[in-house]
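A.B. asks: Sequence unavailable; structure follows:
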């Protein structure tokens, strides 16, 4: 009986070691930047300039950012996304009838260069890196926005590339924006997992053909579209399981 128990323990140890050394399901992960950085970290800076209006202003500003991105994409008039962010800021201030002198404009724009990383960002990136997974962004953010935030958070070295769609004058959800990942990594679609922050971005990436995981940070309802992501959760735990193969990409909310 004792020999049998030892045998079972040995088998379990071998199984655990094999699982620990198992190759990740994907060779790379392409992140939207808001999966890694909290878009709402802009709110305190807006609140300081416009007391009592921080949340409403930030939400309207962000919505207009994406509206302008979509409009510029459809009309093939892409622009530096930091400029788009400024255009959206000016519109929002005018719509809410709030003053926007040059110094206030500059301080609010700087907020997008100093976003706070989510609490689980650094640890998740380190685990992916340790597993040999390549890490890039596929983001509408300009190169300045990507680099400034990564440098401030001390995570620049964890990325294989901070890739902005600006390099080919596109915006997500254009197919050619998503195609940048394959081109830069030299990998096939099924070898790259895309991590989306927005439901619309998850739909775009899945439509393109990437295995797609929706990190639904704000616990939003699922988009009523006919192509759901392969998995979803409200933090990085589910994404890590999806990529590293510890568990299927089921809903972890």
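C.D. replies: Received it, and whenever you're ready, just let me know what you need. Quick caveat, the model's predicted, so the values are computed rather than measured.

A.B. asks: how about stretch 104-122: buried residues?
C.D. replies: By neighbour count on 16 or more other C-beta atoms under 10 Å, the buried set for stretch 104-122 is 104, 108, 111-113, 115-118, 120-121. In short, each C-beta sits where N, CA and C put it, glycine included.

A.B. asks: Among the residues you listed, which one sits closest to residue 224?
C.D. replies: Closest approach between those and residue 224, by C-beta to C-beta: residue 118, at 26.5 Å.

A.B. asks: That closest one: what's its closest spatial neighbour, skipping adjacent residues?
C.D. replies: Leaving aside its chain neighbours, residue 118 sits nearest to residue 38 (5.5 Å; criterion: C-beta to C-beta, 6 or more residues apart in numbering).

A.B. asks: What distance do you get for that neighbour to residue 211?
C.D. replies: 25 Å (C-beta to C-beta, to the nearest Å).

A.B. asks: Also residue 131?
C.D. replies: 16 Å.

A.B. asks: before we move on, back to that, among the buried residues of stretch 104-122, which one sits closest to residue 241?
C.D. replies: The closest of the buried residues of stretch 104-122 to residue 241 turns out to be residue 120 (C-beta to C-beta; 13.0 Å).

A.B. asks: Please report the distance of that closest one from residue 38.
C.D. replies: Per C-beta to C-beta, residue 120 is found 11 Å from residue 38.

A.B. asks: So which residue is smack in the middle of this structure?
C.D. replies: Nearest to the mean C-alpha position of the chain, counting by C-alpha atoms, centre = their mean, stands residue 32 at 2.5 Å.

A.B. asks: Now for that residue: which residues touch it?
C.D. replies: The neighbours of residue 32, taking C-beta atoms under 8 Å, 6 or more residues apart in numbering as the test, are 137-139, 172, 194-198, 201.

A.B. asks: got it, and residue 230?
C.D. replies: Listed by C-beta under 8 Å, 6+ apart, the contact set of residue 230 reads 206, 211-213, 242, 249.

A.B. asks: Could you do residue 118 as well?
C.D. replies: Contacts for residue 118 were tallied using C-beta under 8 Å, 6+ apart; they are 35-38, 217, 235-236.

A.B. asks: Max pairwise distance over these: which two?
C.D. replies: Greatest spacing in those, by C-beta to C-beta: 37 and 235 (14.0 Å).

A.B. asks: Counting neighbours, go ahead and name the busier of the two.
C.D. replies: A count of neighbours by other C-beta atoms under 10 Å puts residue 37 above the other of residue 37 and residue 235, at 26 against 18.

A.B. asks: Give the bridge partners for that one, please.
C.D. replies: Beta-bridge pairing for residue 37 (DSSP bridges): residue 117.

A.B. asks: what does the biggest helix by length in the chain rub up against?
C.D. replies: In the chain, assigned by DSSP state H, the helix with the most residues is helix 54-74. Applying C-beta under 8 Å, 6+ apart, the contact partners of helix 54-74 are 39-40, 42-44, 46-48, 50, 77-79, 81, 84-85, 87-89, 91-92, 95-96, 98, 140, 170-171, 173-174, 198.

A.B. asks: re the thing from before, name the residue in residue 38 and residue 211 with the higher neighbour count.
C.D. replies: Set residue 38 next to residue 211 and count neighbours by other C-beta under 10 Å: residue 211 wins out with 21 against 16.

A.B. asks: And the strands in the stretch 51-200 of the chain?
C.D. replies: Remark: strands assigned in the stretch 51-200 of the chain by DSSP state E, counting those that start in this stretch are 116-117, 134-137, 192-196.
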